[in-house]
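Enquirer: Sequence below, structure please.
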Amino acid sequence: MNIPFSPPFIDQSVVDQVLDTLNNKWITTGPKVKALEQEVKVITGTDQVICVNSWTSGAILMLKWFGVKAGDEVIVPAYTYSATALAVLHCGATPVMVDVLEDFNIDPEKVKAAITTRTKAIIAVDIAGWPCDYAALKEVINDHHVQKKFRSTSDKQQLLNRILLISDAAHSIGSTYLNKPAAQNCDVTIFSFHAVKNITTAEGGAICLNLPKQFDHEAEYAYLKMYTLNGQNKDALSKSRGAGWRYDILFQGLKINMPDICAAIGLAQLRKYDNDLLPQRKEIAKKYFEGFQDQDWFISPPLVSTQRESCYHLFPLRVKGLSEEQRDQIIDDLSALGIATNVHFIPMPMLTLFKNMGYKMEDYPMAYQNYACEISLPIYPQLTQTEIDFIIPSVISCVQIQLNRNIKVIETNVVELKQMAVAS
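Expert: Numbering: from 1, shown residues only. Now for the predicted structure:
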């Protein structure tokens, strides 16, 4: 067997969209990006969507838009990919890390305890596609005592008049919360369209705006589109039309626009997502759950409840009683069998950059507990039944080998203790 971890979904419809872009001879930001923005707007039910060249760029953009700067704080979970905190650092602000819950996601009580007069935003991360408890997070930011702490230092902050709630939805396009798209539960939701995501544009992302009614969403969309193009008041397509070449730079923006050649890939995939690609992911997750549910070591990932449903971006298997070293050995053993797996994520306080900044892993025990025994299994539409039938028993066998070693160590220790008791 040779089972990759997360190959992109490329079928003829994707090829056709890309060829259409090439044949039209317009490959940078243009009609395909606009079409993708509209498709994301439909699937999320949000007010406006702005496509960018990565999740990270989108997060930096929205923090800057909100006026986050040096001296400010943004609360993030310790258990996430580094981009969540790096976006904060790129704005000159301080990431305030808090621990997570057993379901991988940020702990609202820890968030509340971390809020100060310098807190400007919260970035909640939907790990593996499982939405955070946004009702609890909104209860926190709307708490009377929390609101009294908020200090606005920009026009956007004054208009919102509270902490900004951002969803790091890099994993969660298609997830639902309270029976509606999860993106409708935050002020700002940012998706990733990186190569391994449910929807990919090779590299890319999308910002969804769901701001309160005091914001003019059309005006914000126009402003943010300019922001992605260095603060320029005309994009390349507009400039290319006859005498419309003249442009102006209205403010100091960024250069983070998504090109049409990338948008074409995501556009084709997104049009198959609800009825084809997402149901296939769900079916694979169901088969994994059924295959492991009788194992007493199996800790099921959160997949669906009365309030939430994942988009099945990952199947984050956890093994009860497993050490970090044993988990690593299982990954090596599976690789030897031809099964590629992964780990999501190394908690940020374990990474050199953040360790050197003073973050300590012992301050985030649940983050470490989730990480140490987690193995992300392959889950994507192209995965065949034959491959699934190979993966499940292979995982069980590799896990059992490690757990049996635990039993042997315990038995050896018991024998040694008895011998010591007899000798004394």
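
Enquirer: Phi and psi next, for the residue most central in space within the chain.
Expert: Nearest to the centroid of the C-alpha atoms of the chain, with distances taken as CA atoms, centre = their mean, sits residue 170, at 2.9 Å. In terms of degrees, to the nearest 10, the main-chain angles of residue 170 are phi -50, psi -30.

Enquirer: Hmm, it is touching residue 54, no?
Expert: No: using CB atoms under 8 Å as the test, residue 170 is too far from residue 54 to be in contact (9.7 Å). Any C-beta I mention is one placed from the backbone N, CA and C, and that applies to glycine too.

Enquirer: Tell me the residues that contact both of the two, please.
Expert: Residues touching both residue 170 and residue 54 by CB atoms under 8 Å, 6 or more residues apart in numbering: 192, 194, 205.

Enquirer: As JSON lines, those residues with pLDDT and distance to residue 59 would be great.
Expert: Shown next, in JSON lines, are those (pLDDT from 0 to 100; distance: CB to CB, whole Å):
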{"residue": "192", "pLDDT": "98", "distance to residue 59": "10"}
{"residue": "194", "pLDDT": "98", "distance to residue 59": "13"}
{"residue": "205", "pLDDT": "98", "distance to residue 59": "8"}
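
Enquirer: so which of those comes closest to residue 363?
Expert: Nearest to residue 363 out of these is residue 192 (CB to CB; 27.1 Å).

Enquirer: Run a quick neighbour tally on that closest one.
Expert: Look at residue 192: counted by other CB atoms under 10 Å, it has 29 neighbours.

Enquirer: quick one: it from residue 61, how far?
Expert: 14 Å (CB to CB, to the nearest Å).

Enquirer: Quick check: closest non-adjacent residue to residue 31.
Expert: Once flanking residues are discounted, residue 31 sits nearest to residue 260: 6.8 Å by CB to CB, 6 or more residues apart in numbering.

Enquirer: Quick check: next helix or strand after the helix or strand hosting residue 136?
Expert: Element membership of residue 136 [criterion: DSSP states H and E] is helix 134-141. Sequence order places helix 144-149 as the next helix or strand after helix 134-141, per DSSP H and E.

Enquirer: mind listing what's buried in that following helix?
Expert: residue 146 (16 or more other CB atoms under 10 Å).

Enquirer: what's in contact with it?
Expert: 112, 115, 116, 117, 119, 140, 141, 161, 162, 163.

Enquirer: among these, which are in helices?
Expert: 112, 140, 141 (DSSP state H).

Enquirer: Return the closest of the residues you listed with respect to residue 270.
Expert: residue 141 (30.6 Å).

Enquirer: quick one: contacts for the closest one?
Expert: Counted by CB under 8 Å, 6+ apart, residue 141 has contacts 122, 147, 162, 163, 165.

Enquirer: Excluding chain neighbours, what is closest to it?
Expert: Nearest to residue 141 is residue 163, by CB to CB, 6+ apart, at 4.6 Å.

Enquirer: wait, doesn't that neighbour sit right on residue 123?
Expert: No: with contacts counted by CB under 8 Å, residue 163 stays clear of residue 123, the gap being 10.9 Å.

Enquirer: Please determine how far the residue nearest to the centre of the chain is located from residue 40.
Expert: Counting by CB to CB, the gap from residue 170 to residue 40 is 14 Å.

Enquirer: who touches both of the two?
Expert: Residues touching both residue 170 and residue 40 (CB under 8 Å, 6+ apart) are residue 191.

Enquirer: Let me know the average pLDDT across stretch 72-84.
Expert: Over the span of stretch 72-84, the pLDDT mean works out to 98.

Enquirer: typo on my end, it should be stretch 106-113
Expert: pLDDT averaged over stretch 106-113 gives 98.

Enquirer: returning to what we had before: can you turn the buried subset of the contacts of helix 144-149 into a selection I can paste into PyMOL?
Expert: In PyMOL syntax, the buried subset of those is picked out as below (16+ other CB under 10 Å):
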select buried, resi 112+115+119+140+141+162+163
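
Enquirer: Would you check which pair of the contacts of helix 144-149 lies furthest apart?
Expert: 112 and 161 (18.4 Å).

Enquirer: ok, residue 200 touching residue 6?
Expert: No: here residue 200 does not reach residue 6: they are 9.7 Å apart, not a contact under CB under 8 Å.

Enquirer: and the closest residue to residue 212 other than its chain neighbours, how far is that from residue 60?
Expert: Once flanking residues are discounted, residue 212 sits nearest to residue 160: 6.9 Å by CB to CB, 6+ apart. Computed with CB to CB, the distance linking residue 160 and residue 60 is 19 Å.

Enquirer: and if you look at residue 226?
Expert: In terms of CB to CB, residue 226 sits 16 Å off from residue 60.

Enquirer: do the same with residue 12
Expert: Taking CB to CB, one finds residue 12 at 36 Å from residue 60.

Enquirer: what's the answer for residue 175, then?
Expert: In terms of CB to CB, residue 175 sits 23 Å off from residue 60.

Enquirer: Could you check which of these two has the larger neighbour count?
Expert: The residue with more neighbours, out of residue 175 and residue 60, is residue 175; 25 against 22, by other CB under 10 Å.

Enquirer: That one contacts residue 304, correct?
Expert: No: contact criterion CB under 8 Å: residue 175 and residue 304 do not qualify, at 10.2 Å.

Enquirer: Now do the shared contacts for the two.
Expert: Shared contacts of residue 175 and residue 304, counting by CB under 8 Å, 6+ apart, come down to residue 310.

Enquirer: quick one on the thing from earlier: closest one to residue 282 out of the ones in helices among the contacts of helix 144-149, please.
Expert: residue 140 (30.7 Å).

Enquirer: what residues are up against the closest one?
Expert: 108, 111, 112, 115, 122, 146 are the contacts of residue 140 under CB under 8 Å, 6+ apart.

Enquirer: any idea how far it is from residue 147?
Expert: Distance from residue 140 to residue 147, by CB to CB: 10 Å.

Enquirer: Find me the pLDDT at residue 238, would you?
Expert: Looking at residue 238, its pLDDT is 76.

Enquirer: thinking it is in contact with residue 245, fair?
Expert: No: with contact defined as CB under 8 Å, residue 238 does not count as touching residue 245 (9.2 Å).

Enquirer: the domain parsing of the protein - what is it?
Expert: Listed by the TED database, the domain ranges of the chain are 12-265, 277-413.

Enquirer: quick revisit: just give the nearest non-adjacent residue to the residue nearest to the centre of the chain, would you?
Expert: residue 192 (3.6 Å).
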